[in-house]
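Enquirer: After the sequence you'll find the predicted model.
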Amino acid sequence: MRQGPDRGRLLRGGREFARLVLVWALVAVALHLLDLWLEDFDLPHWWQPIVFAAILGVLSAGVWPLIMRFAPPRAVLVLGLGSFLLLGAGVLAISSAMPDVLLADLETAVIVVVVIAAVAGLVSSLLAIDEDEVFFRRAARRFRRDGEDRTDEPPGVLLLQIDGLGYDTVRRGIRDGDLPTLSRWLERGSHALADWHTDWSSQTGASVCGLLHGSNDDILGFRWYEKDRDHVMACAAPVDAAEIERRHSDGRGLLASGGAARGGLFTGDADHVSFTMSAIPFLSRGRRRDTLGSGYYAYFANPVNVLRTFGSALVDVLREISASVRQKRAGVRPRVKRGPFFPFARAGTTVIARDLVVSAIIGDMLAGRPVVYADFLGYDEVAHHTGIERFDALAVVRSIDQQIGRLYRAERLAPRRYHLVVLSDHGVTQGWAFTHRFGESIQALVGRLCGGDPPTGGRREPHREAWQLGAAMAEASTGSGPIALALRRRSARATTPDRHRTAEGRPAGVARAAPGVVVVVSGHIAMVSFTEHAGRVDLETIEREFPDLLPALVDHPGVGFMLVRSARSGPVVLGRDGVRRLDATGGDAVTGEDPLAGYGRHAADLVRRTDAFEHCPDIIINSRYNEITDEASPFETHVGSHGGLGGGQTRGFLMYPAELPAPGEIDGAERLHQVVRDWLTHLGHPVPEPEAELVHD
């Protein structure tokens, strides 16, 4: 078995034996207490709790794994309830075989099982023994006994993604002790740390599709509008995720040829998939050997896992409630209302999903799968609601780091060597939500400017004046920028025909902000589409039909820049104090101040690439980023958000084994895919054949 610095010992000498003896003794005590407490459970003789505990131990250690191996998956019902029922039935059978023992019914037997599982979990925690690691050692012995050692194969690779954890936050976490596992790797020199720059759509959908499939073309945000179908694509919707993968997969993803995808949005063409959004529509069609239910079944078949996970989830619910109350009492800003259901949603991502994914990864390692991708999404979820480096968000980071340390230790048990690569899909930029800072959502603002209804309870202003939102939005003499003034002069000179807005004759698949106007937001990006025009609507048409829209938006203090396409000048980036005309060769022309200044040196190339996407909307609005305060106002009601340009949201991190070739500068998720592909080739993994050349049985 491989050894290495910092690996530690999975089980120290004598602890496994001590655990067995202590669990036996405490279960016997617990059975005696249950005898006193439960009317329908009776162990009249002093020796019966001891013998009963021993028989239960044999059942749990030997018979139960065999039952689970051959039991149908439906035997394990929602969140492990079936495992308690099956064990309860076993306890009921044992009681009937012992003389003078009374166990009246299955309900009482299940209570006995729950108590026993709680005692076993408590003892394991006190002795710092992880039930999973006990299983890993036994499984590793079975692999060796079956002659399945794969040390002669190329090392496997684990791609462990910490969703949303930015490069700068990682550096501070390493410095401040929030990432002790990653810190030790750097101190030993076993790993190196690099950053990578996301695409304009700095969010999970574009990044993961680019990483796993090598393409993220036409992915405009976490959600976006497709005019030709009157449909909002959402990366987190299973049917849409499957469609996105269909558009980008060529059968040669990073996880093809035996890999596994655990969590996340896309499969990477893996043969083994669980908890992955794009695979959900195919669960009932038998399209993959491994599905959502397999990892779920394997984990919740163990009652101790059920109690430990849900005990931790309950603690996290209480932690979230406490953090929310503390923020409110302290007057922390920015903050958002988290709602009564968020504590449970948070526990689902930070504890339950995490534990399921870790269990599935370890199973993949024991099976010797060549490449495994997993997404730990708890930090991103918490950062949205609490902030990117506040104490409860960093607590989630520490818990994920702990799980990575477990995987690092468990690698010793695998039949082949594994390299651990830890990365993020993007970072996060913090700030007051646009709606809270300016009193109106971007959808409502665009809707009013396009002739839609005013916000509920608000007063409808004359159309020409509806763009005003206070002194910062006043006319030229009180603060309007030069680009807004130029746009207004153009509108005043133009002969404006009657802007006829017809009520659409067919039911709309997507809500309109105003008649014929759809606004979709994705983090720091808002996308505006005019549905009464086919294809891309040019700047001149927008000016003619909605003369107030562009001036009001470009002058808004929450808007950083906008992308529109001119019929005369091609793609144009508008800012408050300047215009940038994009050129396909990179020879852009800037008038006034560059609207992309302060958004990174890759900004122009990223915007230019997005302009060429098939479903690029008529207007893309990026929130304003303040370099001094390092904040921007997202169009979604989040504290920490991402999805556009500006600040840490565009800088992901990559921690990789130092023995692998240095990746160099990484611009975009497609380049990140190539880096990992080159690493796999360097390690000796075969490159999958093109889909057309695959031979099917």
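Expert: Happy to help now that I have it.

Enquirer: that's a strand at residue 332, yeah?
Expert: No - using DSSP: H, G, I helix; E, B strand; the rest coil, the secondary structure at residue 332 is coil, not a strand.

Enquirer: Tell me which residues of stretch 176-194 come out buried.
Expert: 178-179, 181-185, 190-194 (16 or more other C-beta atoms under 10 Å). For every residue, glycine as well, the C-beta is placed using N, CA and C.

Enquirer: Nearest to residue 341, out of those: which one, please.
Expert: residue 178 (27.5 Å; C-beta to C-beta).

Enquirer: Return the distance of the closest one relative to residue 204.
Expert: 22 Å (C-beta to C-beta, to the nearest Å).

Enquirer: Let's see which of the buried residues of stretch 176-194 end up in helices.
Expert: Of the buried residues of stretch 176-194, the ones assigned to helices by DSSP state H are 181-185.

Enquirer: between the residues you listed, which is nearest residue 398?
Expert: Of all those, residue 181 has the smallest distance to residue 398: 9.7 Å, by C-beta to C-beta.

Enquirer: Correct me if wrong: that closest one contacts residue 404.
Expert: Yes - Residue 181 is in contact with residue 404 according to C-beta atoms under 8 Å; the separation is 5.3 Å.

Enquirer: what's the closest residue to residue 603 other than its chain neighbours in contact with, if anything?
Expert: Nearest non-adjacent residue to residue 603, counting by C-beta to C-beta, 6 or more residues apart in numbering: residue 596, 4.2 Å away. Going by C-beta atoms under 8 Å, 6 or more residues apart in numbering, residue 596 touches 561, 573, 575, 580, 603-604, 607, 645.

Enquirer: mind pulling up the phi and psi values for residue 596?
Expert: Here is the backbone geometry of residue 596 (degrees, to the nearest 10): phi -100, psi 0.

Enquirer: residues making contact with stretch 172-187?
Expert: Under the criterion C-beta under 8 Å, 6+ apart, residues 6, 165, 170, 191-193, 389, 394, 397-398, 401-402, 404-405, 408, 422, 655 lie in contact with stretch 172-187.

Enquirer: Return a ChimeraX selection command for the buried portion of the residues you listed.
Expert: Buried subset of these, written as a ChimeraX selection, criterion 16+ other C-beta under 10 Å:
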select :165,170,191,192,193,389,394,397,401,404,405,408,422,655
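
Enquirer: Keep only those of the contacts of stretch 172-187 that are in helices.
Expert: 170, 394, 397-398, 401-402, 404-405, 408.

Enquirer: Would you check which pair of those residues lies furthest apart?
Expert: Pairwise distances across the ones in helices among the contacts of stretch 172-187 (C-beta to C-beta) peak at 20.6 Å, for the pair 394 and 408.

Enquirer: that older thread, would you format the ones in helices among the buried residues of stretch 176-194 as a markdown table with distance to residue 221 and pLDDT included?
Expert: Formatted as a markdown table, those follow (distance: C-beta to C-beta, whole Å; pLDDT from 0 to 100):
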| residue | distance to residue 221 | pLDDT |
| --- | --- | --- |
| 181 | 33 | 95 |
| 182 | 30 | 97 |
| 183 | 34 | 96 |
| 184 | 37 | 96 |
| 185 | 34 | 96 |
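
Enquirer: Tell me how many other residues surround residue 215.
Expert: 17 (other C-beta atoms under 10 Å).

Enquirer: State the number of residues packed around the closest residue in space to it that isn't next to it in sequence.
Expert: Residue nearest to residue 215 in three dimensions, not counting chain neighbours: residue 248, with 4.5 Å by C-beta to C-beta, 6+ apart. When neighbours are counted by other C-beta under 10 Å, residue 248 registers 19.

Enquirer: Could you report the distance from residue 248 to residue 641?
Expert: Residue 248 is 25 Å from residue 641, by C-beta to C-beta.

Enquirer: again with residue 268
Expert: Where residue 641 is concerned, residue 268 sits at a distance of 26 Å (C-beta to C-beta).

Enquirer: In terms of packing, which of these two has more residues around it?
Expert: residue 641 (31 against 28).

Enquirer: Can you read off the pLDDT for that one?
Expert: The per-residue pLDDT reported for residue 641 equals 94.
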